[in-house]
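Asks: Test case, fold it:
(chains A, B, C and D)
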Number of protein chains: 2
Amino acid sequence: MQRTLLTVEYSEEEESLAQFAKALSHPVRIKILKLLASRQCCFTGELTEFIPMAQSTISQHLKALLEAGLIQGEINPPKVRYCIDRENWLKAYAVFQDFFTPERVFECDCPMLTGDKSPLSC
Amino acid sequence: MQRTLLTVEYSEEEESLAQFAKALSHPVRIKILKLLASRQCCFTGELTEFIPMAQSTISQHLKALLEAGLIQGEINPPKVRYCIDRENWLKAYAVFQDFFTPERVFECDCPMLTGDKSPLSC
DNA sequence: TTAGTTCATCGCAAATATACGATTAATAAA
DNA sequence: TTTATTAATCGTATATTTGCGATGAACTAA
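Replies: From the prediction side, this is the model:
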């Protein structure tokens, strides 16, 4: 894409949130995370038994989750054991919680929300 | 893309989470949400004064946020006033909170996390 | 009516994401 | 050594996302 205008600057928080969100932006990755977390222990390519997708596709999604830091993998040939990355899980939890904090929205006294029908005040 | 295998089924929760996450998966959309929420009231295309991007591009991102339900718009010609959609904001908050609940992860007694070096137990 | 303002939409180009089958690498088992 | 198993990676096709400028629609003000 062409970017003739100035480059937009983002804060670390904005980048971090967007990265975690991107990792969650496909339902199959959410399913994978839930499967990994719900098992009494972590497991490997048994994922392909639960999710009707090509092995290579699932491997790609696992890579995306790995790069986002939400899971970790331990090579145990010929298998690989994947597991939720607790530390980053909690970090993501905090990032989303901070962003969606209700205070952020309740501070806003937008006329549209309060029912004020006066002309634009902004 | 070809999808010769079975179609994967997703729960409503999985779809909903993925949709909210997709809306947040671009840092500029996060910036827009923060700007809308931080103003003492909601505002319109002043966004273009804060974000160095083409007006049409910002309009596209606003549309994405609208379709995700995170903001609402009120036509007030020739301006349009955008505002956080409180109801869905809180819904998204709940969806992320439910998903990332620490219990989900602390229930997992993966050997990888507990330090157990025994062979794969799953 | 005419001109100006605001913002959505269109049309296009480039980048990224998604999915698959085929292949390869690493290892264990026969 | 040979074979089997597991999972990553490669190559490719298609879909979606992202960005821009240009245009058009809706309304106000002159």
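
Asks: I'd like the secondary structure assignment at the nearest residue to A:Lys79 once chain neighbours are set aside, please.
Replies: What sits nearest to A:Lys79 in space, not counting adjacent residues and going by CB to CB, 6 or more residues apart in numbering or on different chains, is A:Thr44, at 4.6 Å. C-beta here means a position set from N, CA and C on the backbone, and glycine is covered the same way. Per DSSP: H, G, I helix; E, B strand; the rest coil, the local secondary structure of A:Thr44 is coil.

Asks: Look up phi and psi at A:Thr44.
Replies: Torsion angles at A:Thr44 (phi, psi; degrees, to the nearest 10) stand at phi -110, psi -120.

Asks: check contacts around the residue in chain A positioned nearest to DNA strand D.
Replies: Using CB to the nearest atom of the strand, A:Gly45 is the residue of chain A that sits closest to DNA strand D, at 2.0 Å. For A:Gly45, the contact set (CB atoms under 8 Å, 6 or more residues apart in numbering or on different chains) comprises A:55, A:58, A:79-80.

Asks: Local confidence estimate at the residue nearest to A:Lys79?
Replies: For A:Thr44, the pLDDT comes out at 73.

Asks: Around it, how many other residues sit close by?
Replies: Neighbour count of A:Thr44, defined by other CB atoms under 10 Å in any protein chain shown: 18.

Asks: Quick check: it touching A:Ile75?
Replies: No. Using CB atoms under 8 Å, A:Thr44 is not in contact with A:Ile75, being 10.0 Å away.

Asks: where does stretch A:75-86 sit relative to the chain's centre, distance-wise?
Replies: 20 Å (CA atoms, centre = their mean, to the nearest Å).

Asks: List the buried residues for it?
Replies: A:81-86 (16 or more other CB atoms under 10 Å in any protein chain shown).

Asks: Equivalent analysis for stretch A:38-54, please.
Replies: Taking 16+ other CB under 10 Å as the criterion, stretch A:38-54 shows A:39, A:41-44, A:47, A:51, A:53 as buried.

Asks: hmm, it in reach of DNA strand C?
Replies: Yes. Stretch A:38-54 comes into contact with DNA strand C (CB under 7 Å from any atom of the strand), by way of A:53-54.

Asks: Extract the CA atoms of that stretch and return them as PDB.
Replies: This file holds the C-alpha atoms of stretch A:38-54, laid out as PDB (Å, rounded to 0.1, in the frame of the first residue of the first chain):
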ATOM      1  CA  SER A  38      -9.100 -27.100  29.100                       C
ATOM      2  CA  ARG A  39      -7.200 -30.300  28.900                       C
ATOM      3  CA  GLN A  40      -5.900 -31.500  32.200                       C
ATOM      4  CA  CYS A  41      -2.600 -31.100  30.600                       C
ATOM      5  CA  CYS A  42      -1.300 -29.700  27.400                       C
ATOM      6  CA  PHE A  43      -1.000 -31.800  24.200                       C
ATOM      7  CA  THR A  44       0.200 -31.700  20.700                       C
ATOM      8  CA  GLY A  45      -1.200 -32.500  17.300                       C
ATOM      9  CA  GLU A  46      -4.200 -34.200  18.800                       C
ATOM     10  CA  LEU A  47      -5.600 -30.800  17.900                       C
ATOM     11  CA  THR A  48      -6.100 -32.200  14.400                       C
ATOM     12  CA  GLU A  49      -8.500 -34.700  15.900                       C
ATOM     13  CA  PHE A  50     -10.600 -32.000  17.300                       C
ATOM     14  CA  ILE A  51     -10.400 -29.500  14.500                       C
ATOM     15  CA  PRO A  52     -11.200 -30.600  10.900                       C
ATOM     16  CA  MET A  53      -8.400 -28.700   9.200                       C
ATOM     17  CA  ALA A  54      -5.300 -29.700   7.500                       C
END
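
Asks: in chain A, which helix or strand is least confident?
Replies: helix A:111-114 (a mean of 59; mean pLDDT, DSSP states H and E).
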